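[1] Give me a 3D structure for the following:
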Amino acid sequence: MAQKKSKKAPAAPPKPAPPQATPLWSRPWMPYAVVALAVLVFYWSPMTSVQVSPHWDAIDIHYSMQRYFSEEMRGGRLPVWTEYEYSGFPFLADPQPGPWYPLNWPFFFAGISTKAIATEIALHCLLAAIGAFLLARRWLASRDTAMLVALLYAFSGFFAGHTSHVGMFQTAAWLPWILLGVHAVIESGSLRAIAATGTAAGVMFLAGHFQVALYSVLAAALYAVALLTKANWRRAVAAVASIGIGVVLIGAVSWLPGSVLLRESIRSTANYSQSTNAPLTPGALETLVWPNALGAVSGEYHGPEDITQFYLYAGIALLPLALAGLLASRMRKVAAILLIPALWYAFGPAAGLYTVFSKLPGLASVRAPVHAWFVVALALALLAGAGAGMIEKRWPKKWLIPALLAFCFLDAFYWNSLATQLPWARHSFEELYGLRANSFWTTIRKHLPGGTRLYAASDSSQAGPLNGAFDARVPVTYGYNPLQLSRYAAYVAAGATNERLLDGLNAGLAVIQTTGQVGPRPNVLPPVGFPQTVRVVAGPNESRAALATLDPSKEAVVEGGLDGIAQSPRATASEEEATQSRMLVHVEAPTRSLLRTSIPWFPGWTAHAGSTQLEVRPINHAVLGVEVPAGSNDIEIEFHQPWLALGATLSLLGTAVAIAAWFTGRKRRLPA
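    Down below sits the predicted model:
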């Protein structure tokens, strides 16, 4: 009898292997965490320590002006005009405080302190680092080498040297993002990429440093050229055009009012095409390999005039890695197209390219070509990342690039933060500025007659921050600003020899330059009044010449003709109300007369008697005059910033268009 074969149970399927955990270093968020941690460590002391403080222009310009704007906005006021600089100044026309820059708004709402300024800098270091990382990822296969690019750019000597120039630092931080946008538009052609690139350019412009913004736009054009092919030229043109449109539209709230200020300022006639200050010098290049080559680290500086502009160190490994990166042909082309023109331009008129570029709109009026170094710094960082990639291919060790990252960070952290006082002062704000400011302004308040201004021949560090009048809320005749009104500058200069002009500025107290003491000015004129006579001259040159002998208590000098004006010795004027941008004056004038004020002339001032608009004009070359009707009248004199409303409208329109393009343009693409 045959035996039955036993049936074997089917073999159980093999158990699936447990999922492998992604190594911590390889997780997608790790590069951002590393960069953020590096920035936090780099700026921890400036953001937290009482014994580390911003200094120089970070305090003299940015802290004082940002604090003033913040306090005004939190008080529900829009500071279009201020008395705390140059007897009166169109505050919102000045781009330097960055009043419309979105990344400043949280600080404005929270309140500006010295630590807020340090945090603004840290935030933009992070912005620069992440932008450089994402840009490098377009070119480099390794995330680690892209992180190296981020650190080499964001912690470079350009940013260390210009930490005190807050607007410049903020603007330069956007360069990698602008180039990234150009790359995305050329690569994808998407409407979203076009909208994002234009928005980034507009926001960058609002940071408030025209020169660096202009260099960034030119660098973007060069980058587009580097990527240009016969097949993608339409996209390249669209990328560059989106940047221009973004600046024009989104940046309009800044550049439209700013153009009026520039036209009326001492910079209006500036032409640096043949001669400029701060070109790059060969000696400054030594700081690429030895940070103390010019003594900027030790405090024994012996380089060109401005210590902040000639410090270039980004790590001892930068140049060897960049040289190795020249072997990477793909990166070599784009880096060279960015680096060579920017470096050549930075050497100024003597090198030739600066003079050629000065023929382009806007470039003749910018100075300090060494400021273009941030473009060179990014190009060198990209080359260094490519060089690190070449080394990684030859010696594929997992620890190699992380070790290089750590070394480069520690190198930059030591030389560009710990060892130098270039970016930060190693003293408290009170020691540097506060104690002197409190003592000075307490004395001024004690002696300054009510309703008058403080006169000083120039700003002085004895008063604390150079623009400390903003902090003290004391009207002054001086200021610290490269955009001083040109007519006013001529008037004050003439006042050095003809002190009667200072009477017309309502200056009731003066700082005696030789002793630093303050003394009264007994002949000060009231804020408004009627001169006894009016002298008509042909134009600005003649009115400026007349300042040498003018006595504003007796005479007014007017450019052009006056119809029906007849000064009367019985005319009187009294100031009834006054704010920063508005004055109510009661006048009694037997005849139609010319009213003198102590307000610096600037477009945007208007005057009304009831519903009747009155003629306003510059008198005495630099101050505001009003033609008032005969009789008893209340005259309202008010300032409205020219082009501000139109600029705000265009900026809102540009923002709305960019948002609409983002949400509707997901699948819309330009042809390659």
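[2] Please enumerate the helices of the stretch 301-450 of the chain.
    Remark: helices assigned in the stretch 301-450 of the chain by DSSP state H, counting those that start in this stretch are 318-325, 329-346, 353-357, 373-394, 400-413, 429, 435-447.
[3] buried set for stretch 653-669?
    Gly654, Thr655, Val657, Ala658, Ala661, Trp662, Gly665, Arg669 (16 or more other Cβ atoms under 10 Å). C-beta here means a position set from N, CA and C on the backbone, and glycine is covered the same way.
[4] domains of this structure?
    28-418, 431-520, 528-644 (automatic domain parsing).
[5] The longest one spans what distance, first to last residue?
    End-to-end distance for domain 28-418, by Cα to Cα, to the nearest Å: 31 Å.
[6] Run the chain-centre distance for that domain.
    Centroid separation between domain 28-418 and its chain, computed with Cα atoms, centre = their mean, to the nearest Å, is 11 Å.
[7] Secondary structure, distance to Phe347 and pLDDT for the buried residues of stretch 653-669 - can I get that in a markdown table?
    Formatted as a markdown table, the buried residues of stretch 653-669 follow (DSSP: H, G, I helix; E, B strand; the rest coil; distance: Cβ to Cβ, whole Å; pLDDT from 0 to 100):
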| residue | secondary structure | distance to Phe347 | pLDDT |
| --- | --- | --- | --- |
| Gly654 | helix | 36 | 97 |
| Thr655 | helix | 39 | 97 |
| Val657 | helix | 40 | 95 |
| Ala658 | helix | 37 | 96 |
| Ala661 | helix | 40 | 93 |
| Trp662 | helix | 41 | 92 |
| Gly665 | coil | 42 | 78 |
| Arg669 | strand | 41 | 84 |
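[8] right, and the pair among those with maximum separation?
    Thr655 and Arg669 (22.8 Å; Cβ to Cβ).
[9] Could you figure out how far the longest helix seen in the chain is turned away from helix 329-346?
    Using DSSP state H, we find that the single longest helix of the chain is helix 114-137. Orientation of helix 114-137 against helix 329-346 (axes from the mean of the first three to the mean of the last three Cα atoms, to 10 degrees) gives an angle of 140 degrees.
[10] Averaged pLDDT, helix 114-137. What do you get?
    Across helix 114-137, pLDDT averages out at 98.
[11] just stretch 283-303 next, same as before
    95.
[12] Would you mind writing the CA trace of it as PDB?
    Extracted as PDB, the C-alpha positions of stretch 283-303 are listed here (Å, rounded to 0.1, in the frame of the first residue of the first chain):
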ATOM      1  CA  GLY A 283      46.700  96.800   0.000                       C
ATOM      2  CA  ALA A 284      43.100  96.000   1.000                       C
ATOM      3  CA  LEU A 285      43.300  92.700  -0.800                       C
ATOM      4  CA  GLU A 286      45.900  91.600   1.700                       C
ATOM      5  CA  THR A 287      43.000  91.300   4.300                       C
ATOM      6  CA  LEU A 288      41.700  88.400   2.300                       C
ATOM      7  CA  VAL A 289      44.500  86.300   3.700                       C
ATOM      8  CA  TRP A 290      45.600  88.200   6.800                       C
ATOM      9  CA  PRO A 291      42.700  90.000   8.600                       C
ATOM     10  CA  ASN A 292      45.000  92.400  10.400                       C
ATOM     11  CA  ALA A 293      46.900  93.500   7.400                       C
ATOM     12  CA  LEU A 294      45.700  97.100   7.700                       C
ATOM     13  CA  GLY A 295      45.400  97.000  11.500                       C
ATOM     14  CA  ALA A 296      41.500  96.800  11.500                       C
ATOM     15  CA  VAL A 297      41.600  94.000  14.100                       C
ATOM     16  CA  SER A 298      44.200  95.300  16.400                       C
ATOM     17  CA  GLY A 299      42.800  98.800  16.400                       C
ATOM     18  CA  GLU A 300      46.000 100.200  14.900                       C
ATOM     19  CA  TYR A 301      44.400 100.900  11.500                       C
ATOM     20  CA  HIS A 302      46.700 102.400   8.800                       C
ATOM     21  CA  GLY A 303      44.700 101.800   5.700                       C
END
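[13] So which bits of it are buried?
    Buried, per 16+ other Cβ under 10 Å, within stretch 283-303: Ala284, Glu286, Thr287, Leu288, Pro291, Asn292, Ala293, Leu294, Ala296, Val297, Tyr301, Gly303.
[14] Point out where the stretch 101-250 of the chain drops to low pLDDT.
    By pLDDT under 70, the stretch 101-250 of the chain has no low-scoring segment.
[15] can you rerun that using 90?
    141 (pLDDT under 90).
[16] Report the central residue of the protein.
    Gly167 (2.8 Å; Cα atoms, centre = their mean).
[17] Quick check: that one touching Phe205?
    No - in this structure Gly167 lies outside contact range of Phe205 using Cβ atoms under 8 Å: 10.9 Å.
[18] Which of the buried residues of stretch 653-669 sits closest to Ala379?
    Looking at those and their distance to Ala379, the nearest is Ala658, at 28.4 Å (Cβ to Cβ).
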